[in-house]
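>>> When you get a sec, could you give me coordinates for this:
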Amino acid sequence: MAVLQLEPAAGGHVDRCCRLSSRDQQVSLQFISLGSGSNGNATLVRVADTLLLIDAGFSAKALCDRMQSVGVSADDLTAILISHEHSDHVKGVSVLARKYNIPVWLTRGTFKRLKDPKLPEVEFIHPHGSFCLGDAKVSPFPIPHDAAEPCQFVVSDGSRRFAVATDMGFVTPYVREQLSGIDALLLESNYDGDMLKNGSYPYALRGRIDGRYGHLSNEQAADFARSLEHSGLQRLYLGHLSGNNNTPDCAYATVADRLQRGGDDLHVLQRTRVGEWFEVA
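Now for the predicted structure:
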């Protein structure tokens, strides 16, 4: 296993020159969900010739089948970015990375907790740094979640930005700052408060989910989305929905009511189905 280390330079940022820095800045930024929910999460992000997989929370076979269904092969992947070590985000990473010799980028804390020496190539990232992979600039940001060193990601083509923001017990000022002015966002809307309170989950599990290191509720997602609302926000996706404590209709209604916005601008991702490609214009 090759391990490469990225440490932040002065100011807390790590930068590698993107190919886009010497090319026309008008490259394309696209993304698609391969599934988003409590049982598995994976998102493809394409920036010109660079293809990234954010999280690999399904089996390697399922990931390959889902990628093939949208015209992508695992051989096309530039890298896999892992947000944290929970199984719904890493289930297929080991097999996929080994079989196709794909570099895996993750924090030191996540790597230590993952305990997988068979990854072919590992690069450590700093959750307050930034780095480039081919045409894509990746800016991780730390999230409050009950994992070793969790983070999520903003991916940019140099002018437009897409972010994944899931697995957060609450929205920190730093997260709010990093997502200010975002062009497209996949935002967690994990549970409905009443469904969780009145459901079958034991008290301790309910406390974990709605605690400060758990997940965002529909109401929390709605409040955060409202604070991010601006004319340049092209698309908001609600994801990481619980199969037991939420429904797509409930999540959509809560956020749409707060935003007074719906239609083509607001979507709820399916837990078990592949979405559609969206290009950030």
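
>>> where does the residue sitting furthest away from the middle of the chain land on pLDDT?
Distance from the C-alpha centroid of the chain peaks at Asn198, with 29.0 Å (C-alpha atoms, centre = their mean). With respect to pLDDT, Asn198 scores 96.

>>> distance of it from His240?
Distance of Asn198 to His240, given as C-beta to C-beta, to the nearest Å: 21 Å. Bear in mind the C-beta positions are built from the backbone N, C-alpha and C, glycine included.

>>> circling back to that earlier point, quick one, what contacts the residue farthest from the centre of the chain?
Neighbour list for Asn198: empty [criterion: C-beta atoms under 8 Å, 6 or more residues apart in numbering].

>>> So that it lines up with my notes, have the first residue be 52 from now on.
I'll keep to 52 as the first residue from here, and by that count the last item is Asn249.

>>> Ramachandran angles for it?
Note on Asn249: its backbone torsions stand at phi -100, psi 10 [degrees, to the nearest 10].

>>> what do you get for Ala187?
Torsion angles, degrees, to the nearest 10, at Ala187: phi -110, psi 140.

>>> Count the neighbours of it for me.
By the criterion of other C-beta atoms under 10 Å, Ala187 has 29 neighbours.

>>> And for Lys163?
So Lys163, with other C-beta under 10 Å, has 12 neighbours.

>>> Give me the pLDDT for Glu280.
pLDDT for Glu280: 87.

>>> Can you give me the neighbour number for it?
Neighbours around Glu280, by other C-beta under 10 Å: 13.

>>> Find the residue closest to it in space, skipping its chain neighbours.
Leu310 (6.1 Å; C-beta to C-beta, 6 or more residues apart in numbering).
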